[in-house]
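Novice: Model the following, please.
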Amino acid sequence: SACISDLEVKTESFCCELIVHTLWRCPTEENEAAMEAGGDGLDETWEPDWFPRVKVWNICAELTERTKRFSARRDETRADVVWIAGQMTLNVKITEAYDLLSFPFDMQDLTLRLEVDNTTKIAPYPVDALNRIETRWRAPVLVLPKGVARLPDFELNRDVPVSYKYIRNELVIVFVYERAYQYHLWNSYALLAGIASISIAIWSLPA
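Specialist: Numbers count the residues shown, from 1 in each chain. All right, here's what the predicted structure looks like:
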């Protein structure tokens, strides 16, 4: 899930708080050690020997320190299979080239490009693992328009608020925001149009 904030046209950037959930199969020879160390999910300091390293492209600043947490769970149908679930929270500032040619009727595509640099391929959660994931996290990308992704001057496009695709070891997410043009329409364009229309009456003034 992602929380977008602080779209800055001047610096061409935006801030984003990301919560990345990962799930992978533990190597068989490490099953017992993983269950013993992280099976209860209460040890917040436990880290498996290997875990996905997530890289976010076009970062200009990391606003807070990254946090990671892992837990192990045994497969309900196969006793010899252990899954490791991870959760990473990132708070970053990302550069983005804005298209302002159609201002104030413009739409901005905010792109999040996540890369796992220590694996060759990533994919959505496997179907047989969905029943062990919280219901709200079953979608690969979760969008909550109310309370999470609202900005003073922008709003998520109603038709296509977000799109995403997997490219080998990358997940590319695009949020489509459209500007709330009413403020600019009435406070700028309408005001200027009113002033300009007064020039029609200049012929009535004495020479």
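Novice: tell me the SS of T64?
Specialist: Three-state assignment for T64 (DSSP: H, G, I helix; E, B strand; the rest coil): coil.
Novice: where are the low-confidence patches of the chain?
Specialist: Applying pLDDT under 70 to the chain picks out residues 126-152.
Novice: show me where it has helices.
Specialist: For the chain, the helices defined by DSSP state H cover 31-38, 182-184, 190-198.
Novice: Okay, strands next: where are they in the protein?
Specialist: Under the criterion DSSP state E, the chain contains strands at 2-8, 13-25, 54-56, 59-62, 67-74, 82-95, 107-116, 154-156, 162-167, 170-179.
Novice: Mind putting the ones you listed into CSV with mean neighbour count?
Specialist: In this view, the C-beta of every residue, glycine as well, is placed from N, C-alpha and C. CSV is the format used below for the strands of the chain (neighbours: other CB atoms under 10 Å):
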stretch, mean neighbour count
strand 2-8, 17
strand 13-25, 18
strand 54-56, 17
strand 59-62, 12
strand 67-74, 18
strand 82-95, 18
strand 107-116, 18
strand 154-156, 19
strand 162-167, 13
strand 170-179, 18
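Novice: For P206, which of those strands is the nearest?
Specialist: strand 170-179 (45.1 Å; CB to CB).
Novice: Could you pull up the residues touching the nearest residue to G86 once chain neighbours are set aside?
Specialist: Spatial nearest neighbour of G86, excluding adjacent residues (CB to CB, 6 or more residues apart in numbering): T22 at 4.3 Å. Residues in contact with T22 (CB atoms under 8 Å, 6 or more residues apart in numbering) are F51, P52, V54, A85, G86, Q87, M88.
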